[in-house]
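Asks: Show me how the following folds:
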Amino acid sequence: MRDYLGNELNIGDECVYLQNKRTGSSSIRKCKFKGHIIGFTRKLVVVRCSASEFELEVGNETKVYPDDVIKIVAPVVRCKDCR
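Replies: Residues are numbered from 1 along each chain as shown. The predicted structure follows:
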């Protein structure tokens with residue numbers, strides 16, 4: 001399964017994902033969460049929240065579409081003197 005940017009997703013990957021949250025009686029907004037991929041269904045990615053502006057969400061598991069997930073990839077840093 002691939003994320004929004006085309007990166008291959010694997011169990012254990014760190015990611016940022018979007019999820020709809022109710023912010024009032026009739027208003028909904030897309031909120032960003034940081035988490036780890038813990039599984040897959042046929043069409044969805046199962047994610048456990050590790051950081052959020054909403055403290056009650058940390059530790060919760062949720063299912064999101066792959067298009068709402070972006071894998072966090074650490075950049076490769078090279079120095080001039082290294083070969």
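
Asks: Can you name the next helix or strand after the lengthiest strand in the chain?
Replies: When the chain is parsed with DSSP state E, its longest strand is strand 28-40. Moving toward the C-terminus from strand 28-40, the next helix or strand (DSSP states H and E) is strand 45-51.

Asks: In that next one, which residues are buried?
Replies: 45-47, 49 (16 or more other Cβ atoms under 10 Å). From N, CA and C alone the C-beta is placed, and that goes for glycine too.

Asks: Lowest pLDDT pick from these?
Replies: Comparing pLDDT over the buried residues of strand 45-51, the lowest score belongs to residue 49 (90).

Asks: and the two most separated of the buried residues of strand 45-51?
Replies: Greatest spatial distance among the buried residues of strand 45-51 (Cβ to Cβ): 45 and 49, at 12.7 Å.

Asks: Spit out the residues that contact the two alike.
Replies: In the contact map built from Cβ atoms under 8 Å, 6 or more residues apart in numbering, no residue is linked to both residue 45 and residue 49.

Asks: just to revisit the earlier point, list just the nearest of the buried residues of strand 45-51 to residue 71.
Replies: residue 45 (10.1 Å).

Asks: Test my guess that the closest one contacts residue 66.
Replies: Yes. In this structure, residue 45 is within contact of residue 66 by Cβ atoms under 8 Å, at 5.6 Å.

Asks: sorry, back to before: what's in contact with the longest strand of the chain?
Replies: Everything outside strand 28-40 that qualifies as a contact, by Cβ under 8 Å, 6+ apart, is 1, 9-23, 45-54, 57, 61, 69, 72.

Asks: Could you measure from residue 43 over to residue 67?
Replies: In this view, residue 43 and residue 67 are 11 Å apart by Cβ to Cβ, to the nearest Å.

Asks: before we move on, what about residue 6?
Replies: 11 Å.

Asks: that older thread, tell me, what's touching residue 45 and residue 66 both at once?
Replies: Taking Cβ under 8 Å, 6+ apart as the contact rule, residue 45 and residue 66 both touch 1, 9.

Asks: Number of residues surrounding residue 9?
Replies: Using other Cβ atoms under 10 Å, residue 9 has 18 other residues around it.

Asks: can you check residue 23 too?
Replies: When neighbours are defined as other Cβ under 10 Å, residue 23 has 10 of them.
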